[in-house]
Structure formats: C-alpha cells, structure tokens
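[1] what's the 3D shape of this:
(chains A and B)
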Amino acid sequence: MIRFDNVTKRFADGTNAVDGLSMDMPTGEITVLVGSSGCGKTTSLRMVNRMVEPTAGTITIEDRDVTSLPAHELRRGIGYVIQQVGLFPHRKVIDNVTTVPGLLGWDKKRSRTRALELLELVGLPAAYGDRYPAQLSGGQQQRVGVARALAADPPVLLMDEPFGAVDPIVRAQLQQQFLKLQRELHKTIVFVTHDVDEAILLGDRIAVLTAGAHIEQLAPPGELLARPTNEFVADFLGNDRGLKLLSLVPATEVPVDPVHAVDGWRLVTDNDQRPVGWANGHAGGPVPVSGVGPRDTARSLLDAAVSAPTGCAVRVDDDRKVVGLVRYEAIGKLLGERLQAAM
Amino acid sequence: MSGNWDVLQYYALDHLRITFLALILGAIVAFPLGIIGYRWRRAYSPILSVTNVLYSIPSLALLALLGSAFGQILSDRPLIATLAIYTLAILVRNLVEGLRAVPGEVKDAAQAMGYTQRRRLLTIELPLALPAVIAGLRVATVSTVSLVSIGGALGLGGLGFLFFHGYRRDLGSEIWAGIIASVVMAVVLDLLIVLGGRALTPWARKRAAR
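    Next up is the predicted model:
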C-alpha cells in the first residue's frame, strides 16, 4: 500500500500544487488520479518516486518512508511509464527493456531472458528487440515503455497518461492489454489521466481531484457513477453517467430472449447462423446488423438496440452465432436495478 | 622531385602532429567547461563569452602573446596552445547545445529508472549529444588544419613553412604544394571524423515507416 500522509508541495511562486493530500492506494490495485489540468495529479504521482520532493508530509510504500533510502535506489524498485515514453534512442529495444536489471546488477543472460519474456507479454515480436526505438510506431514504443517499467518486477508502477499520445484505436488495444497484464501481475498501480472514460475502465478506485490535489471523491467506478458526492464530480463524469455505468456491466449479465423475430421483423441469418440483418418484407433487402458478443458491455447492447429498427440488440456467442435478442427496455430495467442497489 | 616529396611529407606530418595535439588539448579543456556550462546555467553564459572573446583575438597576436608568456618563441607549444584556445569556442558550445538537445522525457525517464546523475550523464546524455559534438569537432578540425599555417610566420607550423618560404622566394609551386596538401589533409580528416561518427551513432540513421 502507498500512503500519502498530509503531503504538501509548494512551488517557488507560493502556490501549493498539492495541499495536504492524504490517501491510501491499496496494494495490488489500480488507483486512478483523475482531474483537470493543473490539479496536482502528476505532481502527486511524481512524489511517490521522489522525482518531486514534498515540501511537507510523508509518503510511505508498505509502511516504509520513501525518503528512507537514496532516491536512485528507491526508483529502481518502482516502474515508471510516461506519455512521451522516453525510450533511450541510442539503445536497441531490448537494451531499453533491460535498463533497470542492468542498474541492479543482474547478470546479462538473466536480463536478456527476462526482456524477451516481457516483449512477449506486451505483445511485441522478439525480433523487435534488435530494433531502435525510432523504428517503432508510437503504440509499439509505449509497449516497450511498459515492458521496461516491469523489467525488474517492481511491486509499484507509476503511470502518467501513458496512453495519451496514441490514436484511439491503439489506445483501446493498449488499455485492454494493460488490464489483462494487471490481472496476471497484481501490481500496485497509480495511474494519472484526465480522461474520465479511461479512469472508469481501468480504475479499481478513482480519486477525482481539484486544485491542490484536493479529493472531491474517492470511490470505485460503479459507486462514483451511481452516487457522485457533489455537482463537480457529477459534471466531471459527464451527462451520460448512466451509460458509463452500463459500460461496466458485461453483456452476459443482461437476460437474453432466445427468439429470432419481433413486431413483424425477422432476423435474417446466414448458413452459419450469423446475423445478416432485419427484414420485414419491405423492398431493398434486410437492414444490416452485427451482433454484440459476451465480451462486450451492456452499453454496446444498448447502442445496438437503439440503432436497430426493432429496438432490439442481437446477442451472439464467441463464434458470432446468434443466441437471441435483447430489448432496450430490458437494459434500461437492469440499469435501474443497479442504481437502486447502489442507493 | 623525390627530394621535394620528402620535404612535403616532413612538413605535412609535422602539420598533422600539431593539429592533433591542438585538438586533443582543446577537447580536454572544452569537456569540463562544457559539463559545467550544462549543469550550471549561470556559468554557461560567462564561459561562452570568454571563449568567444578569445576566438576574436587575431591569431598572430594571440600567438605572440602566448609565445612571450611561454618564454619559448621557437618551440611549437605556444602555437599548439593558441590553436587549442581557438577550438574552445565551437567545442564548448556544441557540447552544451548537444546535451541540451537531449529530449526532456529521455532525461526524465533515465532519472526515474534509477540512474544517478553521473551515470546518466555518462551513459545517456553524452552519447546522445555525440552528433552535435562530432559536428563541432569537424569544424574545429578543419579550421585548425588551416590555422596551423600561421606558425609558418615563425618558421614553425608544418605546411605553413612552405607558404612563407615560397612567398619569400617567389616559388609558386611551393605555395601550391602547401595549399593542396593542407586542403587534402582537412578533407581526409573531416571524412574520417564523419565515418567515425557514423560508427559511434548507429541509432541516428534508423527511421520507421510511419
């Protein structure tokens, strides 16, 4: 666990970037610090590995004060991933990944084996190890950045808007891969972002911060969405809190009606039972539709349902074969139940 | 003609020797000055001013000054010292600018990985500053090769001797021999530095398809 105890950071111009911050970041969880620019979230993050030294207060990791060892030693035990990645351009990818093991004095063979393991873990071919960072795309570079941060197997990972510099498609891939990684590794992660959707997707607990790193609310995403403590948090979460809450619900939790027709419309499928479209005898062929699978969310179901002429989403299985239909009313009902339960 | 060839070779080698000594001395002095100018911003401007002022002193004047300071007019030490001083202006500047050009996120990441300041300077910042340093070295080398000739005014300075001697004796061929040898030397040294630079910076030539 990382604990902030009344931590303050005052800068030369007299402003308190961080003003008496106290919070716990539980071991093995992703704690997200979210807020608008200048609220002190990055400064707070950087105080954990002493890239910024607090003016007052203490920070402890597993009850050990971060000032109890020399800064460079502390940092070798903490992974660090930043938006611009910061790979060393003059070193090959594999040498970038073995940076911290090298600093810790691991023998070369062990470091190299570990680096290759990590490249695989982040989804890069081993051959990329011999390339230079400039030869990789932005998304690939950030994967190397994550591999580098994990190389010495640090218990703590600090991430400052790590997926901000890539396009949305790559960002989504990186986020999913990151979640998968965390399910295996259970690191204690502090994650800074200004993107509310990213916070909700990735966070086990989210701290919504305002100026001075003041905590408006600290809660798991479901609770945050269902019960924002004040107007600021509600505004910050956006007008579509209900929809965002649905994005936390797996599609599998919504009851499916195993029928293939509704209200005069018929679901047309191909020979493999995959959905083609909705037909009601009108001219011009079926209205195309694609299915929503078990790995999607209730939010995707709702989107599919309201987009369809029938108000129903088509649920498919992992092979994209039709399982049944879901009416939008059923999804609405589920959301209502969830919100009630949260109250 | 073969006698002339031997003469040329003698002076050319002497020229080369003086060039190398001047560059090495210049580099040895420029390196700590550059590091200081990089680490302490407030020191950089005064250091630059001093090297620039020294650079602006006319070469023969500086040579004479150092000659009397050394007390040995006829040795080549004042000449080497003069030439070394002239290289400072460009070597210091290029070293500092090269270090400053290292991307901030790279320095940040290096520090966050757990590099000590010294190790970071030696293994991350200096290697990345190499392209700028090499560019400065090329300029310093070519200009030093050219400046060595002023020693000819005092009977020193390798090929410079040929210029002054040829000028006094009105031997055009001697002057031309000196010029050609001088230029060839500068070009060859420049090429060697470029090739050496490429060998030391394999990352600089690789780019991805975007």
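[2] residues in contact with residue 150?
    No chain in the question, so chain A it is. Neighbouring residues of A:Leu150 by Cβ atoms under 8 Å, 6 or more residues apart in numbering or on different chains: A:79, A:118, A:121, A:157, A:185, A:187. The way it works is simple: take the backbone N, C-alpha and C, and place the C-beta from them, glycine included.
[3] Not quite, go with chain B.
    B:Ile150 neighbours (Cβ under 8 Å, 6+ apart): B:59-60, B:63, B:79, B:157, B:160.
[4] follow-up on the earlier one: out of the contacts of A:Leu150, flag the one nearest to chain B.
    Each of these was checked against chain B using Cβ to the nearest Cβ; the closest is A:Gly79, at 9.0 Å.
[5] wait, what's in contact with the closest one?
    A:Gly79 makes contacts with A:149-150, A:152, A:154, A:156-158, A:187, as judged by Cβ under 8 Å, 6+ apart.
[6] Farthest-apart pair in the residues you listed, please.
    A:Ala152 and A:Leu158 (14.0 Å; Cβ to Cβ).
[7] ok, these two, which is more surrounded?
    The neighbour comparison of A:Ala152 against A:Leu158 (other Cβ atoms under 10 Å in any protein chain shown) goes to A:Leu158, with 26 against 22.
[8] CA atoms only for whichever strand or helix holds that one, dumped as CSV, please.
    Here A:Leu158 is covered by strand A:156-160, with elements defined by DSSP states H and E. Provided in CSV are the C-alpha atoms of strand A:156-160 (Å, rounded to 0.1, in the frame of the first residue of the first chain):
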residue,chain,number,x,y,z
VAL,A,156,4.7,-0.5,-7.7
LEU,A,157,4.0,1.1,-11.1
LEU,A,158,3.5,4.8,-11.7
MET,A,159,1.8,5.7,-14.9
ASP,A,160,1.3,9.3,-16.1
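[9] and it, what other elements does it pack with?
    helix A:41-48, strand A:78-82, strand A:188-193 (3 or more Cβ pairs under 8 Å, 6 or more residues apart in numbering or on different chains; DSSP states H and E).
[10] Show me which residues of chain B sit near chain A.
    Proximity of chain B to chain A is confined to B:103, B:105-106, B:108-116, B:124, B:127-128, B:201-203, B:206-208, B:210 under the rule Cβ under 8 Å from any Cβ of the partner chain.
[11] Kindly give a single PyMOL line that selects the buried subset of the residues you listed.
    Filtering these down to the buried ones (16 or more other Cβ atoms under 10 Å in any protein chain shown) takes a single PyMOL command:
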select buried, chain B and resi 106+108+109+110+111+112+113+114+115+124+127+128+201+203
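[12] Spatially central residue in chain A, please.
    Residue closest to the average C-alpha location in chain A (Cα atoms, centre = their mean): A:Leu202, at 2.9 Å.
[13] Quick check: it vs chain B, distance?
    Going from A:Leu202 to chain B by Cβ to the nearest Cβ, to the nearest Å gives 21 Å.
[14] Pretty sure that residue sits against A:Gln177.
    No: A:Leu202 lies out of contact with A:Gln177 (Cβ atoms under 8 Å); the separation is 11.5 Å.
[15] rewinding a little: dump the contacts of B:Ile150 into CSV; add distance to A:Gly311 and neighbour count as well.
    Formatted as CSV, the contacts of B:Ile150 follow (distance: Cβ to Cβ, whole Å; neighbours: other Cβ atoms under 10 Å in any protein chain shown):
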residue, distance to A:Gly311, neighbour count
B:Ser59, 90, 18
B:Leu60, 95, 14
B:Leu63, 94, 24
B:Leu79, 93, 28
B:Gly157, 94, 26
B:Gly160, 94, 26
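[16] Rank those by pLDDT and give me only the lowest.
    pLDDT across the contacts of B:Ile150 is lowest for B:Gly157, at 63.
[17] neighbours around residue 163, how many?
    Just so you know, I chose chain A. Per other Cβ under 10 Å, the neighbour tally for A:Phe163 reads 24.
[18] was after chain B, sorry
    Neighbours of B:Phe163 using other Cβ under 10 Å come to 21.
[19] Same check on the one 3 residues further on?
    As a burial measure, B:Gly166 scores 19 neighbours (other Cβ under 10 Å).
[20] tally of neighbours for the residue nearest to it when sequence neighbours are not counted?
    Excluding the flanking residues, the one nearest B:Gly166 by Cβ to Cβ, 6 or more residues apart in numbering or on different chains is B:Glu174, at 3.1 Å. B:Glu174 sits with 21 neighbouring residues when counted by other Cβ under 10 Å.
[21] quick one: contacts for A:Cys90?
    That one is not Cys; residue A:90 is His. A:132, B:124, B:127-128, B:201, B:203.
[22] Am I right that it is in a strand?
    No: the assignment for A:His90, made by DSSP: H, G, I helix; E, B strand; the rest coil, is coil rather than a strand.
[23] one step back: could you export the contacts of A:Leu150 to a markdown table, including columns for pLDDT and distance to A:Pro54?
    As requested, these are exported to a markdown table (pLDDT from 0 to 100; distance: Cβ to Cβ, whole Å):
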| residue | pLDDT | distance to A:Pro54 |
| --- | --- | --- |
| A:Gly79 | 96 | 21 |
| A:Leu118 | 95 | 32 |
| A:Leu121 | 91 | 34 |
| A:Leu157 | 97 | 20 |
| A:Leu185 | 93 | 28 |
| A:Lys187 | 95 | 23 |
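[24] one step back: deepest of the helices and strands packed on strand A:156-160, which one?
    Most buried of those by mean neighbour count (mean count of other Cβ atoms under 10 Å in any protein chain shown) is strand A:78-82; its value is a mean of 26.
[25] Quick check, the residue in chain A closest to chain B?
    A:Gly86 (3.1 Å).
[26] Which is the succeeding secondary structure element to the longest helix along chain B?
    Using DSSP state H to define each element, chain B has its longest helix at helix B:2-39. Per DSSP H and E, the first helix or strand lying C-terminal to helix B:2-39 is helix B:41-56.
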